[in-house]
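Participant: Provide a 3D model corresponding to the input given below.
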Amino acid sequence: MKTVKFSEPAVLGRELGYISEALNSKKLCGDGPFTKRCQEFFEKRYGVKKALLTTSCTDALEMAAILLDIEEGDEVIAPSYTFVSTVNAFVLRGANIMFADSEETSPNISVSEIERLISPKTKAIVVVHYAGMACDMDAIMDLAQRHGISVVEDAAQAIEATYKGRQLGTIGDFGTFSFHETKNIGCGEGGVLFVNNERYIQRAEIIREKGTNRASFFRGEINKYGWVDKGSSFLPSELNAAFLWGQLESLEEIQSKRVAVWERYYNNLNGRLKNFTLASFASEQSNNAHMFFLVAKMPECRCELLKCLKEKGVLAVFHYLSLHKSEYYRAKYNGPKLPQSDRYTDCLVRLPLFYSLSLEQVDYICDVILGIGGDCE
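Facilitator: Residues are numbered from 1 along each chain as shown. Model (predicted):
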């Protein structure tokens, strides 16, 4: 069998036509017709008060940090087991990151850890819905409301994933999503900010437009626009938005195929691995099939499995390294050990999952795992 890639973006054919349409319109900068179509899609489908396309999920997180007026000395609680963008947005504004451990049953942030870290300096809680698995949002929102703290949902991996029937990213004050090519839908690089708290909507438009009130000007609400706040250039071009619109039109088709692949992995492997556990979803969560991962009982088992898969042409990978132990942050970190975060760092394995991955390829990967790498001793 040929090499099985780890990831490959879905391209269903409509994207190029929409890019041509944008080119022919001679409107290539941001906030054109395709940007508006994408934003309205999210607002209608998920009931979002305001959706603003950005050039990345990183930028959406930076907008959230600016909107929350994060300043030097503020504390922001975030998981250690996450991508660096989750916290960089707040570090750039002088915040101290209070790293929390993961749950024992999932890589998501532990609610008890959040409660332990809350102080009078806490300005925000940033949660990450790892692999589209919902954090315990009822408990987190209850904690946040009791202490008057804002919540940012890093939902980079959570498109079409729900918690008690609500789309993830619509529960906290802000939700941020990624359209990087490795995500379920993408446009190469891109993102969107969901503004769920109405009091931030007007300022979010200004911050995204270099600190100007140009959005109001284009709507005819003012006679001229000018510099009214801090901000940056966070809006993507129409070419990115045109590609993304082609993806959104195919969202259900893409999701249907990804779910079929995820379920094939699960049905092939569930109950048949002695030294690995599979991801599982609670009844109040939906599975958006962003990722299929295993967690080894020991780091040696992960190493053996990755080695065997590579020898058989399968490109499986590990994932995040605990940020509190990163080269950049370890000298700054003076908190307790975070054993669950470190366990996922050492033991989690991600298997290939993408739109064009065939079920036959999934069967092959599972045969390798069951026959060689599944039960290291």
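
Participant: residue ranges with poor pLDDT in the stretch 1-150 of the chain?
Facilitator: 1 (pLDDT under 70).

Participant: Mind jotting down where the helices sit in it?
Facilitator: Secondary structure of the stretch 1-150 of the chain (DSSP state H, counting those that start in this stretch): helices located at 14-25, 33-46, 57-67, 85-91, 111-117, 137-147.

Participant: Nearest to residue 331, out of these?
Facilitator: Between residue 331 and the helices of the stretch 1-150 of the chain, the tightest spacing by C-beta to C-beta is seen for helix 85-91, at 13.8 Å. No exception for glycine: its C-beta is placed from N, CA and C like everyone else's.

Participant: Packing partners of that closest one?
Facilitator: When contacts are defined as 3 or more C-beta pairs under 8 Å, 6 or more residues apart in numbering; DSSP states H and E, helix 85-91 sits against helix 57-67, strand 75-79, strand 96-100, strand 122-128.

Participant: ok, and what's touching the last one?
Facilitator: It refers to strand 122-128. 61, 65, 68, 70, 74-79, 82-83, 86-87, 90, 95, 98, 108-109, 114, 135, 137, 140, 143-144, 147, 149-154, 156, 172 (C-beta atoms under 8 Å, 6 or more residues apart in numbering).

Participant: still on that earlier bit, mean neighbour count and distance to residue 323 added to the helices and strands packed on helix 85-91, as JSON lines?
Facilitator: JSON lines is the format used below for the helices and strands packed on helix 85-91 (neighbours: other C-beta atoms under 10 Å; distance: least, C-beta to C-beta, whole Å):
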{"stretch": "helix 57-67", "mean neighbour count": "26", "distance to residue 323": "14"}
{"stretch": "strand 75-79", "mean neighbour count": "26", "distance to residue 323": "8"}
{"stretch": "strand 96-100", "mean neighbour count": "22", "distance to residue 323": "6"}
{"stretch": "strand 122-128", "mean neighbour count": "25", "distance to residue 323": "11"}
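
Participant: Now do the helices in the stretch 251-377 of the chain.
Facilitator: Using DSSP H, counting those that start in this stretch, the helices assigned to the stretch 251-377 of the chain run over residues 251-269, 299-311, 339-347, 359-368.

Participant: which one of those helices is the most hemmed in?
Facilitator: Comparing the helices of the stretch 251-377 of the chain by mean neighbour count (mean count of other C-beta atoms under 10 Å), helix 339-347 ranks first with a mean of 21.

Participant: What subset of the contacts of strand 122-128 is buried?
Facilitator: Burial by neighbour count, judged by 16 or more other C-beta atoms under 10 Å, picks out 61, 65, 68, 70, 74-79, 82-83, 86-87, 90, 95, 98, 108-109, 114, 135, 137, 140, 143-144, 149-154, 156, 172 from these.

Participant: Nearest to residue 231, out of the helices of the stretch 1-150 of the chain?
Facilitator: Distances from residue 231 to each of these were compared using C-beta to C-beta; the minimum, 7.4 Å, belongs to helix 57-67.

Participant: How far away from the center of its chain is the closest one?
Facilitator: 13 Å (C-alpha atoms, centre = their mean, to the nearest Å).

Participant: which other helices and strands contact it?
Facilitator: In terms of contacts (3+ C-beta pairs under 8 Å, 6+ apart), helix 57-67 is packed against strand 50-54, helix 85-91, strand 150-154, strand 174-178, strand 191-195, helix 201-208.

Participant: Restricting to C-alpha, output that helix in CSV.
Facilitator: What follows is helix 57-67 as a C-alpha-only set of coordinates in CSV (Å, rounded to 0.1, in the frame of the first residue of the first chain):
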residue,chain,number,x,y,z
CYS,A,57,-7.9,31.7,14.7
THR,A,58,-4.8,33.3,16.2
ASP,A,59,-6.1,36.7,15.0
ALA,A,60,-9.5,36.0,16.4
LEU,A,61,-7.9,35.2,19.8
GLU,A,62,-5.9,38.5,19.6
MET,A,63,-9.1,40.4,18.9
ALA,A,64,-10.7,38.8,22.0
ALA,A,65,-7.7,39.8,24.1
ILE,A,66,-7.9,43.4,22.9
LEU,A,67,-11.7,43.5,23.4
